[in-house]
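Q: next one to model:
(2 chains)
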2 protein chains.
Amino acid sequence: MAKVAVLGYGTVGSGVVEVLHRNADLITARTGEPIEVVKILDLREFPGDPFEHLVVHDIKEIVEDRTIRFVVETMGGVNVATDFVSQCLRAGKSVVTSNKAMVAANGSMLLKLAQDNDVRFLFEASVGGGIPIIRNLRSCLTADHIEKIFGILNGTTNYMLTKMYEDGADYDTVLKEAQDKGFAEADPSADVEGWDACRKIAILSSIVTGKAVDFEEIHTEGITKITPEDMAYAKQMDHVIRLVGSSIVKDGQVHAMVAPMLFDKEHALAGVNMEFNAIFLTSDMLGDTMFYGQGAGKLPTASAVVSDVIEAVMSPTASERPEWSADRIPVAALGKEKRRFFARVAADKAFVTELEKELGSLWVIKVEGLGGELGIVTGEVSEADFMLCEQKHPEIISKIRLAD
Amino acid sequence: MAKVAVLGYGTVGSGVVEVLHRNADLITARTGEPIEVVKILDLREFPGDPFEHLVVHDIKEIVEDRTIRFVVETMGGVNVATDFVSQCLRAGKSVVTSNKAMVAANGSMLLKLAQDNDVRFLFEASVGGGIPIIRNLRSCLTADHIEKIFGILNGTTNYMLTKMYEDGADYDTVLKEAQDKGFAEADPSADVEGWDACRKIAILSSIVTGKAVDFEEIHTEGITKITPEDMAYAKQMDHVIRLVGSSIVKDGQVHAMVAPMLFDKEHALAGVNMEFNAIFLTSDMLGDTMFYGQGAGKLPTASAVVSDVIEAVMSPTASERPEWSADRIPVAALGKEKRRFFARVAADKAFVTELEKELGSLWVIKVEGLGGELGIVTGEVSEADFMLCEQKHPEIISKIRLAD
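A: As a prediction, the model looks like this:
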């Protein structure tokens, strides 16, 4: 029997216990031995919970228990989680986590620690919830160089952008609705400011390059400035707006960014609505592939954690090289990146003619009911040139990048 | 060094040699040892080909070469391929194949043979081309019961259905165009009659159930009867038509079928256009997931083959139970299946009122320019009841099932 301890009995942690319990037959058939949760670490008590008797309050009870060879970390947060996970790895236990903040901040160190102690450190659920993207990058797309990643990596913001598009509602109304439905937290900053997506694209970039990508170097914009007017222009252009984490590996640098982007409705990512996530990859042999599913939620995330536990039980020793080393790969500065921009301008067509002298020819969009302004779309322009132009012309109200 | 032989130097076989060659550095980094193609079996000569010197014409030269531990089968066909693959497995060589016809016909036997000889038999490229669906079912979605599979499994027919929808062209015109572009073969039967998709849904159903599914038991319809009128109705309904292999496991039976189906445009599969494939899964913990990519083509398929070769090189012995046993799981008879049907009827509304007495209330669709007929959509009706109704009323011109 494989004995497992769970650190943190919140939404995901209790989901892990539920999945292991409900699908026990299936899991035992796969692994050849039952997997049983024997201890749950949490500061709280859970009177009346069927697993109440497993709750302990001291990490030592898990670290020092030699019968426990597998630990699931679903506490969240960085410092305490990293400390507890390090202790478990050093004690020769494989660790599975859903904690993207910890993986983005300390992944290199924890991967090395697992390698040094000949155990596994797995984190499928840290990106894309139930979408098995990490295992696909590691085990399935093995014959390919991954050239580009485009990911809708945050369910909360995708839900909000979908509702704003469909209902024409403004940001604050949709945020309140998302909070009421439990899709957004009371403090929604990590989601709506793009910080969550930033950590996830850093993790994916690290796996693809095999080197450490510092998430703090990644230019990150959220969706807080997206307006109903932007949605009206998007509709007129037959586009949708999605918050995307993107990453391109080129010339020894990672060209990564998190920002809202306009997608042509024909793009596969444009059909990813509501709380769903998707990761779109371009690679040299396979061409385009996409992985789509529930990006969050108790059971989908727990299922991803359990698939890692199954893998750890079946292959408990560090057989492969770690996903990435401690070597850093730099994130390219944004200025030289070339792309197309959409912008709202509080001006008339005469101003557009003026602007074309700086930005080249522009596509003009007029939305009925939006007086005193126009939408423009540029050809390929560098980030630096567009930013200069924005600073020079206060007529430019706002911009959104176009996905290519 | 891992020595590989390739059986069949056609499109996929030469793609495998190309991927192994072009991405040799990446592959060696993953496996820890170089993978080299040392013999290629083909009846033809390839004068001027860079790998001409590797071509042999007798399978014995491969079977009896003890230095070759890995064999790639990309010949196609059933009988000769099965014979050659069996010989290789018996000689202690792991075999990787892209041959869905062979896997659907003799998968149970070949899996057992591999198990008995403690080698691998892998066939990722047999379903979904470059989409890593088999490895996902086997290694990623391990904590879940897969409840339903919906797959766009054939690129040729998806290309044709997309073009018919977009251009309003008829079946023959689009088929000719697909043949001219190399998307359809001179004899397109295997694709357009649904036989290719049928073998693929049988393979997926076998993996999900762990038992042998006989593809000959699966009700299979192709796209040959789809008309521009059907497309006009689909547009009016805001739906698209896709050729789908579907499979639901319920009560110890597989409820599988291949047929064109109407999908609401909001469905994730509705956005899968042109030659792309996608597999949409519903499972008990993860909910809905979808895997999307190039369903065919030289390099995508070859990439999937090479990812299997890499797996075989890294884990050359049969460590797991076979994907499915020789035990058969029956395919449920179609008659009792309940679903919604669309039908064209050469009649007026009075007839619809008559029909509602038999089928319950109907949704009526009128397309401008299509005189003397109506479209109807039923509520949930059994296949048997609808078929009876069709036989009784010659006014019913044709039907297409609705995906739920």
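Q: what segments of the stretch 301-404 of chain A are strands?
A: Per DSSP state E, counting those that start in this stretch, the stretch 301-404 of chain A carries strands over the ranges A:338-339, A:341-345, A:363-365, A:374-377, A:381-382, A:396-402.
Q: so which of these gets nearest chain B?
A: strand A:396-402 (18.9 Å; Cβ to the nearest Cβ). C-beta here means a position set from N, CA and C on the backbone, and glycine is covered the same way.
Q: residues in contact with the closest one?
A: Applying Cβ atoms under 8 Å, 6 or more residues apart in numbering or on different chains, the contact partners of strand A:396-402 are A:225-227, A:230, A:239, A:241, A:259-262, A:339-346, A:373, A:377, A:386, A:389-390.
Q: cool, stretch A:250-257 as well?
A: A:201-202, A:205, A:209, A:213, A:218-220, A:245-249, A:329-332, A:334, A:337.
Q: of those residues, which count as buried by neighbour count?
A: A:201-202, A:205, A:209, A:213, A:218-220, A:245-249, A:329, A:331-332, A:334, A:337 (16 or more other Cβ atoms under 10 Å in any protein chain shown).
Q: helices - which of those residues land there?
A: Using DSSP state H, the members of the buried ones among the contacts of stretch A:250-257 that fall within helices are A:201-202, A:205, A:209.
Q: between those residues, which sits nearest residue A:182?
A: For those, the closest approach to residue A:182 (Cβ to Cβ) belongs to residue A:201, at 25.0 Å.
Q: from residue B:3, how far off is the closest residue in space to that closest one that isn't next to it in sequence?
A: Spatial nearest neighbour of residue A:201, chain neighbours left out: residue A:245 (3.1 Å); criterion: Cβ to Cβ, 6 or more residues apart in numbering or on different chains. From residue A:245 across to residue B:3, the span is 41 Å (Cβ to Cβ, to the nearest Å).
Q: residue A:349 contacts residue A:365, doesn't it?
A: No - counting by Cβ atoms under 8 Å, residue A:349 does not reach residue A:365; the two are 11.9 Å apart.
Q: quick one, which of these two is more surrounded?
A: residue A:365 (17 against 10; other Cβ atoms under 10 Å in any protein chain shown).
Q: got the domain ranges for chain A?
A: Listed by automatic domain parsing, the domain ranges of chain A are A:2-129+A:299-314, A:149-293, A:338-402.
Q: state the mean pLDDT of the last one.
A: What domain A:338-402 shows for mean pLDDT is 96.
Q: kindly check the end-to-end length of it for me.
A: End-to-end span of domain A:338-402 (Cα to Cα, to the nearest Å): 11 Å.
Q: check stretch A:32-46 too.
A: One end of stretch A:32-46 sits 31 Å from the other (Cα to Cα).
Q: any residues touching it, and which ones?
A: With Cβ under 8 Å, 6+ apart, stretch A:32-46 has contacts from A:1-9, A:13, A:16-17, A:20, A:24, A:27-28, A:51-52, A:54-59, A:61-62, A:65, A:67-68, A:70, A:75, A:84, A:309-310, A:313.
Q: same list, the residues you listed, but only the ones touching chain B.
A: Under the cut-off given by Cβ under 8 Å from any Cβ of the partner chain, chain B has A:27, A:310 from the contacts of stretch A:32-46 close to it.
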